[in-house]
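Engineer: Structural data only, the sequence is not supplied:
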């Protein structure tokens, strides 16, 4: 529905914003991926942590927060949930009770490639309408916007 009075008052159209279309596509891509993850019992935010840890070995939660762009509090909550799901282990040091390190369990290491395949499938479903060159250009454009705006926090939801 078009509001002719809004145009007269200099109010831009909702669908005339690039941000509208980015959010529209992003929400649908993310929601479809979240539905694919349901059967695994892992949320999108937990997937981000698992994927960040894959291949990292043992890591301090503070370093994981730094590398992922998430707050220490958010990482702590996600780690607790993944510990409960037996996808992570946590160890402390006897000489420094403040220090902890976390690592993927065998179950966590086996799960990550399966979830990565779901992420690949989700991307293929949503972006198959683009040619290889269009997809590359879209990625380059989005990365340019990330850099230009100093974006560092990983999207988790």
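Structural biologist: Everything's here; your move. For clarity, every value in this text was computed on a predicted model and none was experimentally measured.

Engineer: Could you tell me which ranges of this protein sit under the pLDDT cut-off?
Structural biologist: 1-8, 93-98, 155-157 (pLDDT under 70).

Engineer: now the helices: where do they sit in it?
Structural biologist: Here the chain has its helices, by DSSP state H, at 4-8, 18-37, 44-53, 61-68, 72-84, 106-127, 132-148.

Engineer: Determine which stretch of those is the most buried.
Structural biologist: Comparing the helices of the chain by mean neighbour count (mean count of other CB atoms under 10 Å), helix 44-53 comes out on top with a mean of 21. To be clear about C-beta, it is placed using only N, CA and C from the backbone, and glycine gets the same treatment.

Engineer: Go ahead and name everything in contact with that one.
Structural biologist: Here helix 44-53 makes contact (CB atoms under 8 Å, 6 or more residues apart in numbering) with 30, 33-34, 37, 42, 59, 64, 67-68, 70, 74-75, 78-79, 81-82, 85, 87-88, 102-104, 108, 111-112, 115-116, 119, 154-157.

Engineer: relative to helix 72-84, how tilted is it?
Structural biologist: 90 degrees (axes from the mean of the first three to the mean of the last three CA atoms, to 10 degrees).

Engineer: neighbours around residue 101, how many?
Structural biologist: Here the number of neighbours of residue 101 (other CB atoms under 10 Å) works out to 16.

Engineer: Look up phi and psi at the closest residue to it other than its chain neighbours.
Structural biologist: Nearest residue to residue 101 in three dimensions, chain neighbours excluded: residue 58, at 4.4 Å (CB to CB, 6 or more residues apart in numbering). Dihedral pair for residue 58: phi -90, psi 140, per degrees, to the nearest 10.

Engineer: Before I go, just wanted to say thanks for your time.
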